[in-house]
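1. Predicted model and sequence follow; I will ask about them next.
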Amino acid sequence: MTSTLDPRRKRSAVVRPGDRVFSGLSTSAGVLILLVLAGVAAFLTIEGIPGITASPDEVKSGQSFLPYVWPLVFGTLLAAIIALIIAVPIAIGVALFISHYSPRRLGQILGYLVDLLAAVPSVVYGLWGIQFLAPNLAPSYKWLEENLGFIPFFAGPAASGGRTILTVSIVLAVMILPIMTAICREIFLQTPRLHEEAALALGATRWEMARMAIFPYARSGIVSAAMLGLGRALGETLAVAMVLSVGVGSTVTANLISNDNPNTIAANIALIFPEASGKTVNALIASGLVLFVITFLVNFAARAIVDRRKEFSGAN
Amino acid sequence: MTTLTTKDSGTPGPLDVRQELYGAQLPSWAGKAVLGGGVAIGLVLYLLGTNLMLAALVVFVISLALPVWSVTVEGSRKATDRLVTVLVTSSFVLAMFPLVSILATVITNGTRVLSAEFFTFSMRNVVGEGGGIYHAIIGTLLITGGAAVISIPIGLFAAIYLVEYSEGNRLSRWIRFLVDVMTGIPSIVAGLFAYALFVLFFGEGVRLGIGGSVALSVLMIPVVVRSTEEMLKLVPNELREASYALGVPKWRTVSKVVLPTALAGIVTGITLAVARVIGETAPLLIIAGLTDSVNFNLFDGRMATLPVFTYSSVRSPGIPPEFSIDRAWGAALTLLVIVMLLNLIARLVSYFFSPKGER
């Protein structure tokens, strides 16, 4: 008897080769992901530094790096922030509609419909923006210039083709709507049922319930959804590259409806890279590094907020 | 409660209980009436030739009559509530507008060029009319396939590490957090990364199909990891414990019990990840470039893809531009159909094959 017990005890301590291989494979896959992320930063830096240090006559733009990249950073931030201003209220509205206003059974289907917007490839958005949205918006830019021209944003002259930074921002707003809606919806649905019912029992209307129970609970979630949307809008390339009519030279202007627009980092890379050579390529990669750093910080902050919320929310 | 409701629904007595308890209320048909009236007027305006956006705006303005009516009858609190209901509902309608508009324009413009020739010819030696997107379809399938071959094993094993092996240590927390951050990497940065990587080996101006695959997998891996991780977490612990109790080693447990149980969800997640990257343009523009001929070799030279083909057909249409723009719409429609099919397949897989029972 004892002789049969002994090997069994021994066997339980044996680490099988299959186990070792499997855990090694999966651990290295996890580490590999970290290496890829580090690699993105490292390779962009290696290839980007010659672009940052390049003298003005070595690159196509004829400018040194900082004056070259500043208008692009400005354009990127401008387009993304306007997109955010447009998209945040709509995303909250849509999420609230799906989670609390629409009939329960419809909610999921309506959610799928919004998710479909996320499935549309960006090049299709670009095509739609340039061929459909821009011509259709052009008359309203004319109207804005004539009636609200005293506001610097609408100083004009209005672009007859409608390919302005405002059009770009609207396209971007549509593109970031799905991810923001999805996050807001999830968080609205997580609001403790008791809070909602308590508010309603005290005689609150549905809107007062939303204001008193849902929004305080979801505030950090909304903030992080907005920041994730911002990250998407900052990095969007093709829709901007196709729709935007870029000004000559480096424009920094608050005018939203003219033909003379600041370009964004990503769109600038897409436009120039295919025909670029020499130090120009390095300068473009360096501008990509700037974009990477900006989006990384925005995403990092957004995810940090989401994670902190996970720990502190007493609901789960 | 019951006495109140009976009184409520019965003939109103000398003392109207409902009135006293609730205050004045709009009739229950008020909302439908205002909305119906608004839609009717908007439709008439649209049929008379008004711009669609303007007609929609008219409907919106008319539906604002509901809160105005409410403030005169019900007081400001309920009026605010009705106003918010109108705003929330119209924000949803507003969000649906671009979806419908995109689908409508792509389908109407795209179906014009569809023909057998369009799908079986490349653009080699084509000027003006004719030609097709065969080379772009091949390129898209090969590059996306390459990306899937790279990302699926890495993503799967990383998710297995996170769920089965890490036991919540610090490394796994960092991986999880950075994978989330990685989902936000701009696609063009992924393309630049692939270029910066391959330029070290192949020299300046490198354009390779496999580079496109590498760039796309940077975008695809985080999606695969997250969705697979979610699915593995859903596998009940009892299954693992039952397997261990039978003396099955851990790796056999994972590969024979855990993975098959979660398979439907994993397939759904991977399909959605493929659908996400198949439409990416920016990285392929950087590293895969564009060509007019068919190229079956991922490791040699430029490769055309549907998104890049669409982009460049609009960007540099040639003279006359109509044919090229038409081809762009056709390619966009093809791409959209592929993406929508992938999404549909993913939903169907999760609907039909996911394990049912607990709920």
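-> The structure has been received and is ready for your questions.
2. was I right about A:A210 contacting A:L96?
-> Yes: contact criterion Cβ atoms under 8 Å: A:A210 and A:L96 qualify, at 6.5 Å. To be clear about C-beta, it is placed using only N, CA and C from the backbone, and glycine gets the same treatment.
3. Which of the two has more residues huddled nearby?
-> Neighbours were counted for A:A210 and for A:L96 using other Cβ atoms under 10 Å in any protein chain shown; A:L96 has more, 28 against 24.
4. Now do the closest residue to the more buried one other than its chain neighbours: how many residues are near it, please.
-> Nearest non-adjacent residue to A:L96, counting by Cβ to Cβ, 6 or more residues apart in numbering or on different chains: B:V88, 5.2 Å away. Neighbour count of B:V88, defined by other Cβ under 10 Å: 22.
5. What residues does B:V88 make contact with?
-> A:93-94, A:96-97, A:101 (Cβ atoms under 8 Å, 6 or more residues apart in numbering or on different chains).
6. Please tell me which one of those counts the most neighbours.
-> Of these, with other Cβ under 10 Å as the count, A:V94 tops at 31 neighbours.
7. Let me know the pLDDT of the residue nearest in space to the middle of chain A.
-> In chain A, the residue lying closest to the centroid (Cα atoms, centre = their mean) is A:R232, at 1.5 Å. In this model, A:R232 is scored at 88, pLDDT.
8. Surely it and A:I183 touch.
-> No: using Cβ under 8 Å, A:R232 is not in contact with A:I183; the gap is 11.7 Å.
9. Show me where the stretch 151-300 of chain A has its helices.
-> Using DSSP state H, counting those that start in this stretch, the helices of the stretch 151-300 of chain A run over A:165-190, A:193-201, A:206-209, A:215-235, A:238-243, A:265-272, A:279-312.
10. quick one: the residue nearest to the centre of chain A from A:A83, how far?
-> 9 Å (Cβ to Cβ, to the nearest Å).
11. what about stretch B:56-76 and chain A, touching?
-> No: judged by Cβ under 8 Å from any Cβ of the partner chain, stretch B:56-76 and chain A are separated, with a smallest distance of 10.0 Å.
12. Quick check: mean pLDDT of that stretch?
-> On average, stretch B:56-76 scores 84.
13. Pull the residues that contact it.
-> Counting by Cβ under 8 Å, 6+ apart, B:23-26, B:30-31, B:34-35, B:37-39, B:41-42, B:45, B:50, B:78-80, B:82-83, B:86, B:90, B:93, B:97 sit against stretch B:56-76.
14. What about those, which are in helices?
-> Using DSSP state H, the subset of the contacts of stretch B:56-76 located in helices is B:30-31, B:34-35, B:37-39, B:41-42, B:45, B:78-80, B:82-83, B:86, B:90, B:93, B:97.
15. Show me which of these are buried.
-> B:30-31, B:34-35, B:38-39, B:42, B:45, B:78-80, B:82-83, B:86, B:90 (16 or more other Cβ atoms under 10 Å in any protein chain shown).
16. Output those of these also counted as contacts of chain A.
-> Near chain A, by the rule Cβ under 8 Å from any Cβ, you find B:78, B:80, B:90 out of those.
17. Close to chain A: what parts of the stretch 251-359 of chain B are there?
-> So the stretch 251-359 of chain B meets chain A at B:251-252, B:254-255, B:275-276, B:278-282, B:285-286, B:289-290, B:307, B:310-311, B:314-315, B:325, B:328-329, B:332, B:335-336, B:339-340, B:343, B:347 (Cβ under 8 Å from any Cβ).
18. ranges for the helices of the stretch 201-350 of chain B?
-> B:209-234, B:237-245, B:250-253, B:259-278, B:282-287, B:306-315, B:321-353.
19. who touches the second one?
-> Contacts to helix B:237-245, defined as Cβ under 8 Å, 6+ apart, come from residues B:250, B:252-253, B:256-258, B:261.
20. ok, 10 Å please
-> B:164, B:236, B:248-250, B:252-254, B:256-258, B:260-261 (Cβ atoms under 10 Å, 6 or more residues apart in numbering or on different chains).
21. got it, and the shortest one?
-> With Cβ under 10 Å, 6+ apart as the contact definition, helix B:250-253 has outside contacts at A:15-23, A:25-26, B:160, B:164-165, B:239-244, B:246, B:258-259.
22. Which of these are buried? Put it as a ChimeraX command.
-> The ChimeraX command for the buried members of these (criterion: 16+ other Cβ under 10 Å) is given here:
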select /A:19,22,23,25,26 /B:160,164,165,240,243,258,259
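23. what residue ranges in chain A score low on pLDDT?
-> A:1-14, A:156, A:248-250, A:309-316 (pLDDT under 70).
24. Return the set of buried residues in the top helix by length along it.
-> Ordering each helix of chain A by length in residues (DSSP H) puts helix A:17-53 first. Residues A:19, A:22-23, A:25-27, A:29-30, A:32-34, A:36-37, A:40, A:43-44, A:47-48, A:50-52 are the ones in helix A:17-53 that count as buried (16+ other Cβ under 10 Å).
25. Having no further points to raise, I will conclude here.
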